[in-house]
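> Need a 3D model of the following:
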Amino acid sequence: MTPSAADLARLLADWNEWLSARTDALLSLEERVRSAGSRDDEADLAAAFVARKAIADRIEQIGATASTDRVTASGLAARPIHDDLGGVVGSSLSDAATLLDAVLQRVERSIAGREQHQRAEAGVVHQADADLAVAARLAAEMGMQVNHVAHLRAALAARTDLADVAREAKAVRASLQAADAERSSLLQRWSSVADRLDALAHDEARVRELAVRCREKVLHPPPLAVPSVEAFRAELAGAGDLATALSPSALVGLPWSAVRGRITPVLTKVDRIAAALSEAERRFREPLRRRDELRGLLQAFADKASAAGVMESTDIDALYQRAKAVLWAAPCDVDAGAALVDQYVATVNTEILKGTPR
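Reported below is the predicted structural model:
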């Protein structure tokens, strides 16, 4: 059956549209193969261009024949297609097109995989470079891990063991940032050591006054020595000037490890003095607090006994006077006073429950 001119026109239009799309795909893949393709990809793409030319020639042949011999033109679509060297491209136009599409898809998958790997690698390189930039700055500032960071930068530039280099770059950045945070914290504390010692000297004076008062007011005060801030100042200054010893300028030019080794023991000792003063204050204040608490409890139960009408009881009054004498004595035996207050509280409660005053 002879195809109509319209049928052949539609056939040619469809094939020319297909050819235009595949040509665009080939040109796009050509650019991508240059940057991410393998030798197999290059060979496949070259074969695809050859196939594309053979298909284009056949479509052009069909178009040229259609105007004079529609039967022959229609038959050309079903005849085998060969390239310029005589190699078979396909058993028909449709077969050749199918084979070309298969090649394009294979190259696309290969290139896409390589591009994805390249993007991932580029991300790793970018992050590692950023990590090492921070690490290099901190290493130079603190005088530590300088050679290690330089080695990693060289390995990154050479793309040697990229994954390992990236992990190590992240680790060294984290390590140096932690050291930098410690440095900032310690230097901030160091800058206020002199002021803190002044404050601790005031605390010491207050605790010593409290200790004197406790020893005067309470029997068996805590056997606790109050640390001396001035003794520590003298130890810190040595034979030199204290202001010079504490000056930040004394640390200029030293690597951080040396600075840390110099200031950390001092800061630790200052913290210990502060803790010792705090504990001394707590322990000297506790007997006085307990004495005042017992005095208040004794008076509260005296008021309770009076309200209940048992205050004038001989036993209750005698216990009250004994407890009062102990608690208002100086120095006060807090333990003995506590025992008497407990006895007084129990006696008052018992008498109140009886309900009959003596």
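> Just the element for V89, please.
Element membership for V89 (DSSP states H and E) is strand 88-90.
> average model confidence for that strand?
When pLDDT is averaged along strand 88-90, the result is 91.
> by contact count, what packs against it?
The contact analysis (3 or more C-beta pairs under 8 Å, 6 or more residues apart in numbering; DSSP states H and E) places strand 88-90 against helix 39-66, strand 81-82, helix 93-142. (Glycine included, C-beta is placed from N, CA and C.)
> Any buried residues in it, and which?
89-90 (16 or more other C-beta atoms under 10 Å).
> That strand pairs with which strands, and in what direction?
The strands beside strand 88-90 in its sheet (DSSP bridges) come out as strand 81-82 (antiparallel).
> just to revisit the earlier point, how far is the strand holding V89 from where the chain is centred?
In terms of C-alpha atoms, centre = their mean, to the nearest Å, the centre of strand 88-90 is found 61 Å from the chain centre.
> Residues touching it, excluding its own?
Residues from elsewhere that reach strand 88-90, judged by C-beta atoms under 8 Å, 6 or more residues apart in numbering: 50-51, 54-55, 80-83, 96-100.
> Which among those count as buried?
Among those, the ones that count as buried by 16+ other C-beta under 10 Å are 50-51, 54-55, 81, 83, 96-97, 99-100.
> Least confident of those?
Lowest pLDDT among the buried ones among the contacts of strand 88-90: D83, 88.
> what about V33, which helix or strand?
Under the criterion of DSSP H and E, V33 resides in helix 5-36.
> I'd like to check the angle between that helix and helix 93-142, please.
Orientation note: helix 5-36 sits at an angle of 30 degrees relative to helix 93-142 (axes from the mean of the first three to the mean of the last three C-alpha atoms, to 10 degrees).
> which parts of helix 5-36 are buried?
Those would be 8, 11-12, 15, 18-19, 22, 25-26, 29-30, 32-33, 36, for helix 5-36 by 16+ other C-beta under 10 Å.
> Stretch 137-156 now?
Across stretch 137-156, burial judged by 16+ other C-beta under 10 Å covers 138-139, 142, 144-145, 149, 152-153, 155-156.
> Endpoint to endpoint, it covers what distance?
End-to-end distance of stretch 137-156 (C-alpha to C-alpha, to the nearest Å): 17 Å.
> distance between the helix ranked longest in the chain and the chain's centre?
Assignment by DSSP state H gives helix 256-308 as the longest helix of the chain. Centre-to-centre, helix 256-308 and its host chain are 37 Å apart (C-alpha atoms, centre = their mean).
> on contacts alone, who are the packing partners of it?
Packed against helix 256-308 by the contact rule (3+ C-beta pairs under 8 Å, 6+ apart) you find helix 162-191, helix 193-217, helix 229-237, helix 314-327, helix 334-354.
> will you turn the ones you listed into CSV that also has mean neighbour count, mean pLDDT and distance to G113?
Output for those, formatted as CSV (neighbours: other C-beta atoms under 10 Å; pLDDT from 0 to 100; distance: least, C-beta to C-beta, whole Å):
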stretch, mean neighbour count, mean pLDDT, distance to G113
helix 162-191, 16, 92, 18
helix 193-217, 16, 95, 61
helix 229-237, 14, 87, 66
helix 314-327, 17, 92, 89
helix 334-354, 17, 93, 83
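> right, and the ones you listed - which one's nearest A300?
Nearest of the helices and strands packed on helix 256-308 to A300, taken as C-beta to C-beta: helix 334-354 at 9.1 Å.
> Nearest residue to the middle of the chain?
In the chain, the residue lying closest to the centroid (C-alpha atoms, centre = their mean) is A174, at 8.5 Å.
> How about the secondary structure of the residue with the largest distance to the centre of the chain?
Computed with C-alpha atoms, centre = their mean, the residue of the chain farthest from its C-alpha average is T68, at 79.1 Å. Put simply, T68 is coil when judged by DSSP: H, G, I helix; E, B strand; the rest coil.
> Distance of it relative to R119?
Distance of T68 to R119, given as C-beta to C-beta, to the nearest Å: 54 Å.
> want to try JSON lines for the buried residues of stretch 137-156, with distance to C332 as columns?
Listed next are the buried residues of stretch 137-156 as JSON lines, based on distance: C-beta to C-beta, whole Å:
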{"residue": "L138", "distance to C332": "60"}
{"residue": "A139", "distance to C332": "63"}
{"residue": "M142", "distance to C332": "57"}
{"residue": "M144", "distance to C332": "59"}
{"residue": "Q145", "distance to C332": "62"}
{"residue": "V149", "distance to C332": "67"}
{"residue": "L152", "distance to C332": "70"}
{"residue": "R153", "distance to C332": "73"}
{"residue": "A155", "distance to C332": "75"}
{"residue": "L156", "distance to C332": "75"}
